[in-house]
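In: Give me a 3D structure for the following:
(one chain, ligands or ions: 2)
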Amino acid sequence: MSEPALSAARLAVLGAGGWGTALARTLAQTHPNVTLWARREVLAGELRRSRFNAAYLPGVALPESVSVTSDLSAAVAGADFAFLVVPSVGMSGLLSALPRSLGVVLCAKGLAPGGTRLSELAASLGFGRVAVLSGPNHAEEIGLGLPAATVVASRDEAFARTVQAELMTPSLRVYTSLDVPGVELGGVLKNVVAVAAGLGDGLQLGDNARASVITRGLREMARYLDGQGAQDDTVYGLSGLGDLVATATSRHSRNRAAGEALARGEAPEQGGKVVEGLRTARLLSAWAQESGVELPIVQGVAAVSEGRLSPQQALAVLMQREAKAEG
Ligand SMILES: NC(=O)C1=CN([C@@H]2O[C@H](COP(=O)(O)OP(=O)(O)OC[C@H]3O[C@@H](n4cnc5c(N)ncnc54)[C@H](O)[C@@H]3O)[C@@H](O)[C@H]2O)C=CC1
Ligand SMILES: O=C(CO)COP(=O)(O)O
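Out: Numbering: from 1, shown residues only. Ligands and ions are numbered 1, 2, ... in the order given. The predicted structure follows:
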């Protein structure tokens with residue numbers, strides 16, 4: 001395969017956790033001008049010195065061409081657009097500190113406080129060029145250059161195409177979409193179902209149980225997306241079913257591992273790595289309670305993570321729901 005052509009675009013990756021590091025490495029294959037911003041200077045210094053992110057993505061070398069800084073203004077100065085890769089709880093603070101003229105690609109798979117979608121948050125803060133990136137993309141594999149596909153969605157079709165063109169490499173196939181809520185929410189909800197799959201794995205419930213959780217979880221995802229303005233078929237694409245399968249079955253998934261830890265009676269968040277599905281479960285469980293829309297798996301995960309039910313009790317609640325037709 002021939003070497004991909006280099007691009008003159010200047011790109012910023014804001015957030016130096018696992019996914020930000022993997023994206024910076026991917027972009028560096030085709031861009032000599034990539035800057036990676038780490039919130040903490042101690043991490044930025046470590047990355048500059050060793051070129052490895054031992055805490056968040058061990059084993060993936062950051063190319064020398066990637067500039068690393070903890071100075072946010074310097075990171076985005078002259079950038080054509082930026083990938084925002086901090087946990088969803090940090091997105092509001094990060095967006096507030098950025099120039100509104102900057103094109104932003106939101107890469108977190110979670111919701112803002114109160115359950116607002118991150119793309120809505122960005123628009124409400126005055127950003128004009130807003131895209132979301134979502135798909136079956138474990139940083140551990142993308143960072144090694146293993147093949148994958150992903151979706152960039154924006155209401156601004158030209159911006160989505162620009163991001164697609166800049167992010168595509170021979171090992172990362174990027175699709176565009178105009179369905180922002182559909183693509184964004186698929187990535188948000190699959191994390192909760194992955195926690196449920198992890199709970200089942202931790203309780204050693206077997207392959208049938210995992211398949212049932214994935215399938216009924218997909219149904220809950222579709223039910224929620226339906227009320228949020230998403231297109232019907234998006235949930236069955238890469239950002240929905242694709243990412244659900246990747247996350248609910250992968251040894252890399254932090255959300256699945258959190259479910260396993262809960263089943264063992266251990267703390268679900270370990271090593272300082274973000275587990276978006278726990279917070280999302282609580283936000284969506286509250287929404288389900290208020291709206292009367294049934295999201296039993298989401299509500300079960302919320303109940304376990306809040307300590308209201310044991311994993312075994314949550315399983316019993318799910319299994320003993322009233323008999324009904326599939327749908
Ligand atoms: N790890 C993965 O494979 C993928 C993760 N994502 C999503 O990307 C987002 C980031 O995840 P990871 O990179 O895995 O997280 P991570 O846990 O590996 O690292 C998070 C990074 O963000 C920093 N951080 C934490 N709070 C912050 C704040 N308020 N402001 C700025 N920086 C802050 C941490 O110091 C750390 O460097 C999450 O929403 C996750 O769901 C999406 C696709 C793949
Ligand atoms: O979103 C991801 C893969 O697409 C990563 O999932 P985890 O946060 O569960 O590791």
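
In: Double-check G17 against V86; I have them as touching.
Out: Yes. With contact defined as CB atoms under 8 Å, G17 reaches V86; the gap is 7.5 Å. Bear in mind the C-beta positions are built from the backbone N, C-alpha and C, glycine included.

In: Report the contact partners of the residue nearest the centre of the chain.
Out: Note on the chain: the residue nearest the mean C-alpha position is K109, at 3.1 Å, using CA atoms, centre = their mean. Residues near K109 by CB atoms under 8 Å, 6 or more residues apart in numbering: S88, S134, G187, V188, K190, N191, E276.

In: Name the helix or strand for A12, please.
Out: Per DSSP states H and E, A12 falls inside strand 11-14.

In: Now do the phi/psi pair for A131.
Out: For A131, the backbone dihedrals are phi -130, psi 160 (criterion: degrees, to the nearest 10).

In: next one: A148
Out: According to degrees, to the nearest 10, A148 has phi -160, psi 170.

In: that older thread, for the strand holding A12, which outside residues touch it?
Out: Outside strand 11-14, the residues that touch it by CB under 8 Å, 6+ apart are 20, 23-24, 27, 31, 33-37, 72, 75-76, 79-86, 94, 166.

In: can you do 7 Å?
Out: Under the contact criterion CB atoms under 7 Å, 6 or more residues apart in numbering, strand 11-14 has outside partners 20, 23-24, 27, 31, 33-37, 75-76, 79-86, 94, 166.

In: Using the three-state scheme, assign the residue nearest to the centre of the chain.
Out: Here K109 is recorded as coil under DSSP: H, G, I helix; E, B strand; the rest coil.

In: Please tell me how far it sits from ligand 1.
Out: Per CB to the nearest ligand atom, to the nearest Å, K109 is found 4 Å from ligand 1.

In: Nearest residue to that residue in space, please, no chain neighbours.
Out: Leaving aside its chain neighbours, K109 sits nearest to G187 (3.8 Å; criterion: CB to CB, 6 or more residues apart in numbering).

In: Repeat that for L295.
Out: A288 (4.3 Å).

In: The one you found sits in which helix or strand?
Out: Using DSSP H and E, A288 maps to helix 276-291.

In: Can I get the next helix or strand after that helix in PDB? Just the C-alpha atoms.
Out: On the C-terminal side of helix 276-291, the closest following helix or strand by DSSP H and E is helix 296-305. C-alpha atoms of helix 296-305 as PDB (Å, rounded to 0.1, in the frame of the first residue of the first chain):
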ATOM      1  CA  PRO A 296     -35.200  -1.400  32.100                       C
ATOM      2  CA  ILE A 297     -31.600  -2.200  31.400                       C
ATOM      3  CA  VAL A 298     -30.500   1.400  31.800                       C
ATOM      4  CA  GLN A 299     -32.500   1.700  35.000                       C
ATOM      5  CA  GLY A 300     -31.000  -1.600  36.300                       C
ATOM      6  CA  VAL A 301     -27.500  -0.300  35.700                       C
ATOM      7  CA  ALA A 302     -28.300   2.900  37.500                       C
ATOM      8  CA  ALA A 303     -29.800   1.100  40.400                       C
ATOM      9  CA  VAL A 304     -26.700  -1.100  40.800                       C
ATOM     10  CA  SER A 305     -24.200   1.700  40.400                       C
END
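
In: so how far is helix 296-305 from its chain's centroid?
Out: Chain-centre distance of helix 296-305: 20 Å, with CA atoms, centre = their mean, to the nearest Å.

In: helices or strands next to that helix in the packing?
Out: Under the contact criterion of 3 or more CB pairs under 7 Å, 6 or more residues apart in numbering; DSSP states H and E, helix 296-305 touches helix 180-202, helix 207-226, helix 276-291, helix 311-319.

In: Now do that helix against helix 180-202, angle only.
Out: Relative orientation of helix 296-305 versus helix 180-202 (axes from the mean of the first three to the mean of the last three CA atoms, to 10 degrees): 60 degrees.

In: quick one: average pLDDT of helix 296-305?
Out: Averaged across helix 296-305, the pLDDT comes to 98.

In: likewise stretch 27-44?
Out: 98.

In: in it, what counts as buried?
Out: Of the residues in stretch 27-44, those buried by neighbour count under the rule 16 or more other CB atoms under 10 Å are 27-31, 33-39, 43-44.

In: Now do the contacts for L23.
Out: L23 neighbours (CB under 7 Å, 6+ apart): V13, F83, V85.

In: and ligand 1, which of the buried residues of stretch 27-44 contact it?
Out: The residues of those that also fall near ligand 1, by CB under 6 Å from any ligand atom, are R39.

In: which of the contacts of L23 are close to ligand 1?
Out: Okay, of those touching ligand 1 (CB under 6 Å from any ligand atom), that's V85.

In: Report the contact partners of L185.
Out: L185 touches Y224, L225, Q228, A230, counting by CB under 7 Å, 6+ apart.

In: need the residues of the stretch 51-200 of the chain near ligand 2, please.
Out: Contact residues (CB under 6 Å from any ligand atom) of the stretch 51-200 of the chain with ligand 2: K109, P136, N137, H138, N191, A194.

In: low-confidence ranges in this structure?
Out: Where the chain drops to pLDDT under 70, the residues are 1-2.

In: give me the residue from it nearest ligand 1.
Out: Closest to ligand 1 within the chain is G17: 1.8 Å, counting by CB to the nearest ligand atom.
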